[in-house]
Structures are given as C-alpha cells and as structure tokens.
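Visitor: next come a sequence and a model predicted from it.
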Amino acid sequence: MILLRQIEGPEPGKIVSLEFNDAPAKDVILGRGPECDMRIANGQGDLGVSRRHCRLHVASPWDLFVCDLKSTNGTFVNGQPAGLAEDNATPLGPGDILRLGEVVFRCEWDGVVPAESVASILARYNNVSPVGQGASGMVHQAMDPDTAEPVALKAITLAEPIADDMRRRLLREAHLSVQLAHRNIVRTHRCWRCPEGFVLAMEFCPGGTLADRCAEPEHRPDAGQAVRWTLDLLGALDYAHNASFWAQRGDGAITQATRLVHRDVSPMNVLFAADGTIKLADFGMAKSAELAGVSLLTQQQHRAGRPRFLPQQMGRPGGLLHAGPEVDVWAAAAVLYWMLSCTTPRRFSRREDPWLTLSQTDVRPIRSLTPAIPDRLADVIDEALIDTPDIRIKTASQLRDQLRDAANGL
C-alpha cells in the first residue's frame, strides 16, 4: 500500500491510501473539482490547487508516478517540477515531498503486501540459493529481476497459529522495518505476508558478520577501528531511537511512532556491505515476534536477544516488553568491549543457564582483561556498561560523544 500524508494544507495529518491489490495499474486524479478521485478543498479558496491538478499513476505496490495536468501553479516533487505527460512522469518514492499549490504531501510506504506462499515469493527472483538458517527462518541470496541487484530474502516462519493482536503487532513491525533508511542499517526493500509468516527482501551484505570477521585474529580491529565501527553503530541506533515513523495501531488507525528499539544488538547482527560499511541487521519483526511470546521455530526461542550482549534489565520480568533505547546503548558498548577484549562483559559458562548468569553476575572492568587500553576509553566503556540498578548512559548520542572525546588520536 502507498500512502500520502498531508503535512501542509486544510487537513494536516490526513492520510490517503493508494491500494494496488495486484490489480491492473490505475490512475488517481488530484484536484479541487468534484470529479477528482482525490479532492482537495476547504471552502476557503482554491489553495493554489487547480480543478484537475495532477495525475498519480500507481503501477505496482512499490511504483508510483506523478505528472502535472497543466495546472496553474504546477506540481512539484522535492522542489522540482513534475513531468507534464505520462511518458515524462516523475517517480515518487518513500519520503518524497509532493506539492500542489499550498498543499503538501509526504509519500509513505506501507510496504507489506499479501502473497500466496513463501515459495511464490521466492519464485519472483532469479538465482535463489539458501545462505543460512537464521533465528527466525531461512535466508536466501537472490537477484532482483527488476534492478539486477543482489538481495537477501528472509523468511520469518511462524511455527504455530497466533492471535490477531499478535499478527497485527508483527505487521506493525513490518511497516516500521520498511521505513528505516540509514546508511548503517540493512535496508528492507519489500515485505510480504503469507499464511506461513512473512518474507523480507533486504539489502545483501556480502562482507559477513562482525562475529565472523573478528573470529580471525588477523581481521580483529585495533582500538581506533573498533571505536569507529561503534560510532557508526551508535549513529544507526540514534536514528532509530529518535526518528518518527508511521505505524498502524491495533484498531487500524495510523499514528506516529518513535523509539524503535532493536533489543538484540550483537556481533551476529552487525554486517559488512561490499564497500566495508557496517550495517545493523534484524531490526524489527523477529524481535517483535519473540517479544510477543510467539515461537518462530522452536520453543526455545521465546526470549529475544542474546544474553551475552544484554543488560540485566532484559532478564527481569517484563524487561523484554518494556525495553527502552538504553538497552541498545548498553549492547553497543558491550560489542565494543568484545572487540577490544575478545570476550563479553560478563563471564558466561557453558555449564550454566546464560539468563541466570545475566541476572547474578557483575560486569568485569575492561582493564582487568585488556590492560593496554587507554584510560579515558576504558573509563567510558566501563561507565556505559553500568546496568545496576539502572543503565547509566541512556542515549546513543551521549555515548557517541563520550567515545569521540575518549578516542581522540587513536
């Protein structure tokens, strides 16, 4: 579904959906005339909108174009004049700004499309091959036939029926994941819902995970590189924690959402793009399913996150449900600690329940394991990993600023 949100004009905040539903492409006429498909009027003048102002061409669930119909004041996309004919139409994408006179819309994507089955989705792509089993389902590498770009297809399989409110929660998380747009977050291009669960088409990152890279001693970063990667990671988290997204509530109403929390920041969820840029993966749906108590594949996956990279709050009753941005900040500091010391802030044993260890043991100061680390950097890391009784450093921007100061010259 494609959405137009009015941000300036007679009805700010109003959202109009342009549904496709696998039907033939359709046109939508915008203007102030009563014959228009989408009428813009407020009884207080024409607002600079012509009777028949522009045409929107909905070509698919992800393809939207606009052309001006020789309006008096023109149609503009991101400040530039739109095309005047169908063969010269201007594409509209998520986040683009459409202006008609004094009325302004922002284009948004629902991003979740119905599909018959996981197999039917995989069949739309070329050169599909499995690359691994994730926590929530199989991941395939494939080639997008439209863009000729490699993508990762992740199937989130529900192993048991779920209640309607839980399915709505998953849909909400899917909506949010498609909207994330940051250079250090793995991009979700499209999402489908089907009887077995959901399928996400995502940016393919051929460089592997941070965990894989650091498993080889010659590729383990020095302190300066580890801090730079952590700063990029914190930039992604700061964006997700503070940006505004639209989301669908349980009652179907569209509302603004903020504070999107990852809940599972770890070396396994930090990937490398082809150019070496780090990308935070697995924002959203898998976490939401686990948070809701839904078994994705096995009964052992009811608890979100890896306890080795979680603060104590996440192991307490209700901790998963009420996790705030500070748990991601703590986890980012834990990933930096791990890169510098080759181990986790708490000492975990294979013979003990990791969740019990999380709740009963203290964080070890990083200099007890890595004496050579600069004092200022060690102090910042140790402070960021204080989680009793509460997490000391609350925001990604706060930790990012302290790390920059402490690592100056590394």
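Guide: Arrived safely.

Visitor: now do the strands in the stretch 151-300 of the chain.
Guide: All strands of the stretch 151-300 of the chain, identified by DSSP state E, counting those that start in this stretch, fall at 188-194, 197-203, 245-248, 254-257, 270-272, 278-280.

Visitor: check the offset of the fifth one from the chain's centre.
Guide: Averaging C-alpha coordinates over strand 270-272 and over its chain gives two centres that are 14 Å apart (C-alpha atoms, centre = their mean, to the nearest Å).

Visitor: got CSV for the strands of the stretch 151-300 of the chain, with distance to L233, mean neighbour count and mean pLDDT too?
Guide: Every C-beta, even on glycine, is put in place using the N, C-alpha and C of the backbone. Formatted as CSV, the strands of the stretch 151-300 of the chain follow (distance: least, C-beta to C-beta, whole Å; neighbours: other C-beta atoms under 10 Å; pLDDT from 0 to 100):
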stretch, distance to L233, mean neighbour count, mean pLDDT
strand 188-194, 18, 21, 80
strand 197-203, 16, 23, 86
strand 245-248, 20, 18, 56
strand 254-257, 22, 14, 54
strand 270-272, 7, 23, 96
strand 278-280, 6, 23, 96
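
Visitor: including distance to A59, could these go into a markdown table?
Guide: Shown next, in a markdown table, are those (distance: least, C-beta to C-beta, whole Å):
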| stretch | distance to A59 |
| --- | --- |
| strand 188-194 | 15 |
| strand 197-203 | 18 |
| strand 245-248 | 22 |
| strand 254-257 | 23 |
| strand 270-272 | 32 |
| strand 278-280 | 29 |
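
Visitor: so which of the ones you listed comes closest to D238?
Guide: D238 sits nearest to strand 278-280 of all the strands of the stretch 151-300 of the chain, at 11.4 Å, using C-beta to C-beta.

Visitor: what packs against the closest one?
Guide: On a contact count with 3 or more C-beta pairs under 8 Å, 6 or more residues apart in numbering; DSSP states H and E, strand 278-280 meets helix 223-242, strand 270-272.

Visitor: which one of the strands of the stretch 151-300 of the chain lies nearest to R228?
Guide: Closest approach to R228 among the strands of the stretch 151-300 of the chain is made by strand 278-280 (9.1 Å; C-beta to C-beta).

Visitor: re earlier: the helices and strands packed on strand 278-280 into a markdown table, with extra columns for distance to D96?
Guide: A markdown table is the format used below for the helices and strands packed on strand 278-280 (distance: least, C-beta to C-beta, whole Å):
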| stretch | distance to D96 |
| --- | --- |
| helix 223-242 | 19 |
| strand 270-272 | 28 |
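
Visitor: just those: most buried one?
Guide: Among those, the stretch with the highest mean neighbour count (mean count of other C-beta atoms under 10 Å) is strand 270-272, at a mean of 23.

Visitor: name the helices or strands packed onto that strand?
Guide: For strand 270-272, the packing partners by 3+ C-beta pairs under 8 Å, 6+ apart come out as helix 210-214, strand 278-280.

Visitor: in TSV: the ones you listed, plus distance to K70.
Guide: Shown next, in TSV, are those (distance: least, C-beta to C-beta, whole Å):
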stretch	distance to K70
helix 210-214	54
strand 278-280	45
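
Visitor: spatially nearest residue to G93, not counting backbone neighbours?
Guide: Nearest non-adjacent residue to G93, counting by C-beta to C-beta, 6 or more residues apart in numbering: C107, 6.6 Å away.
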